[in-house]
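> Have a look at this prediction, sequence included:
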Amino acid sequence: MVLTDAGLLKGRDPVEACRRAVAGGATIVQVRHKGAPAREVAALARALVGALPVPVLVNDRVDVALAAGAAGAHLGQDDPPLDAVRPYVPPGFLLGASVGSPAEADRVRPWPADYWSVGPCYATDNKPDAGSPLGPDGFARLARLAPAGVPVIGIGGITAANAAAIRRGGAVGVAVIGAIWGASDPERAARALRSAAA
């Protein structure tokens, strides 16, 4: 999963940049546009939905995701709980939940989440409030708390050099920001990550 980041994209066309990341092997794109007006987030999500052959999710905003025709939304601990949201979204609409501690795992375990995003796995500059890095062992401990059948992805500071350790800890995949958008060639960076996390 690749998350958009206006700061790291540094003026590059986000649709074209995401196309390149998908060409390199990204299988989901999440629109993360903190602080942007809803209409701007919706416009980007709508453009990506029309341009990409993979599911597009919207960070934090279920309403924007629905309006844009996105495949789903990713919700953090401060967003509306998934069990309150699920009755209002269509069948097949994906809902992901962020988990960063055993207490958060306990809170979201009863929710009807389609996946858990667990992290930060490593130190990251892209989410200042992310908390202390879990490391591979901490990730594995939290991943084991997910309900049976709920896939877990790792997030936070993941690169081609450390993705394999998170996969070994139980991740079905990884979510990245800097490892893709900090690279000069998003397609090549995505390919390296996909290979490392295979």
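Cool, the structure landed.

> Going by residue numbers, what spans are strands in the protein?
Here the chain has its strands, by DSSP state E, at 2-3, 29-31, 56-59, 72-75, 94-99, 115-118, 152-155, 173-175.

> which neighbours does the fifth one have in its sheet, and in what orientation?
Strand 94-99 pairs in its sheet with strand 72-75 (parallel), strand 115-118 (parallel), by DSSP bridges.

> now it: mean pLDDT?
For strand 94-99, mean pLDDT rounds to 98.

> list the buried ones in it?
By 16 or more other C-beta atoms under 10 Å, the buried positions in strand 94-99 come out as 94-99. For the C-beta atoms, the positions are set from N, CA and C on the backbone; glycine is no exception.

> Please identify the residue most distant from the middle of this protein.
The C-alpha centroid of the chain is most remote from residue 87, which lies 22.4 Å away (C-alpha atoms, centre = their mean).

> Can you tell me how far that one is from residue 80?
Distance, residue 87 to residue 80, using C-beta to C-beta, to the nearest Å: 12 Å.

> Nearest to residue 8 among the buried residues of strand 94-99?
Residue 8 lies nearest to residue 98 out of these, by C-beta to C-beta, at 19.6 Å.

> For the closest one, list each beta-bridge partner.
Assessed by DSSP bridges, residue 98 has beta-bridge partners residue 117.
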